[in-house]
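>>> I need the structure of the sequence given here:
(one chain, ligands or ions: 2)
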Amino acid sequence: YLRIVDVRKEFDGFVAVDDTNLTIRKGEIFALLGGSGSGKSTLLRCLAGFEKPTAGKIYLDGQLLNDLPPYERPLNMMFQSYALFPHMTVEQNIAFGLKQDGLSKEAVKKRVQEMLALVQLGKLAKRKPHQLSGGQQQRVALARSLAKGPKLLLLDEPMGALDKKLRSQMQLELVNIIEKSGVTCVMVTHDQEEAMTMATRIALMDQGWIRQVGTPDEIYEQPTSRFAAEFIGSVN
Ligand code: ATP
Ligand code: MG
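Ligands and ions are numbered 1, 2, ... in the order given. You can find the predicted model right below:
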């Protein structure tokens, strides 16, 4: 499991994330939910290692992550833009990180097949990203992120590049794939509906603070602050 202990991030004295404590269980889909500038991405980037916390510690299964560079952390972050390699096919995109890891050709092939099956893109293995729909591109990016079997998957606004109709469809599909893979997931979203639909638990953030942590039901039915009630829209 993931343990975030007294994590704080300042930029030139401005506190973007205030002393934050969270424990996220194995296999959870945990959403950081909040408005623009509430510190969601900064906290996620601290987990990924792209930002160094000003204070506090981050542990994954007991291992201290703070001093590890991003690529040595047993996690993967999927970017909102997907960052697929445009000149590579779907299977080459998925294989990329595995080859870098020095796996044998056969092992890479087998793993790519498993990933294609997981995201149900076997038939499109030879296509290039520009020949895919937005939702399909997202699934390739997800397959690539999961290929190495990370313990933790980080998603920053995973639906950000999709149009509204596709969003609700992909929410359930994404949950399905994540649950099947068994990976623990922390996702960032400003969309309460998305958090409610996808997450096992939600941390509601405001100005760098976590205001409330709970299941979607708990947050919706028992908001502990006016802020939470208004943000979730359970009070008008
Ligand atoms: P959004 O929904 O708009 O993406 P967010 O919740 O992800 O918002 P963050 O990107 O975490 O917000 O930013 C939190 C605060 O920290 C903002 O006020 C932002 O301006 C500030 N901030 C983020 N990165 C930096 C940086 N590198 N230098 C200075 N300030 C930063
Ligand atoms: Mg953000």
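>>> what is the residue nearest the centre of the chain paired to in the beta sheet?
Closest to where the C-alpha atoms of the chain average out (Cα atoms, centre = their mean) is Leu155, at 2.1 Å. Beta-bridge pairing for Leu155 (DSSP bridges): Met78, Met187.
>>> what residues does stretch 81-88 touch?
For stretch 81-88, the external contacting residues (Cβ atoms under 8 Å, 6 or more residues apart in numbering) are 92-93, 96, 128-130, 137-138, 140-141, 144, 161. (Each C-beta comes from the backbone N, C-alpha and C, glycine too.)
>>> that older thread, how near is the residue nearest to the centre of the chain to ligand 1?
Applying Cβ to the nearest ligand atom, to the nearest Å, the value for Leu155 to ligand 1 is 12 Å.
>>> Then Leu121?
29 Å.
>>> My read is that the residue nearest to the centre of the chain contacts Glu194, right?
No. Between Leu155 and Glu194 there is no contact under Cβ atoms under 8 Å: 10.6 Å.
>>> Can you say which of the contacts of stretch 81-88 are buried?
Using 16 or more other Cβ atoms under 10 Å as the burial test, the contacts of stretch 81-88 include 92-93, 96, 128-129, 137-138, 140-141, 144, 161 as buried.
>>> Need these in CSV (columns: pLDDT).
Formatted as CSV, those follow (pLDDT from 0 to 100):
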residue, pLDDT
Gln92, 95
Asn93, 95
Phe96, 91
Lys128, 96
Pro129, 95
Gln137, 93
Gln138, 91
Val140, 94
Ala141, 94
Arg144, 94
Ala161, 81
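>>> give me every residue that touches the residue nearest to the centre of the chain.
Contacts of Leu155 by Cβ under 8 Å, 6+ apart are 77-78, 185-188.
>>> and which of the residues you listed is nearest ligand 1?
Each of the contacts of Leu155 was scored against ligand 1 by Cβ to the nearest ligand atom, and Val188 proved nearest at 6.2 Å.
>>> Enumerate the residues of the protein near ligand 1.
Residues of the chain lying close to ligand 1 by Cβ under 6 Å from any ligand atom are 11, 14, 16, 34, 36-42, 190.
>>> Fine by me, thanks again.
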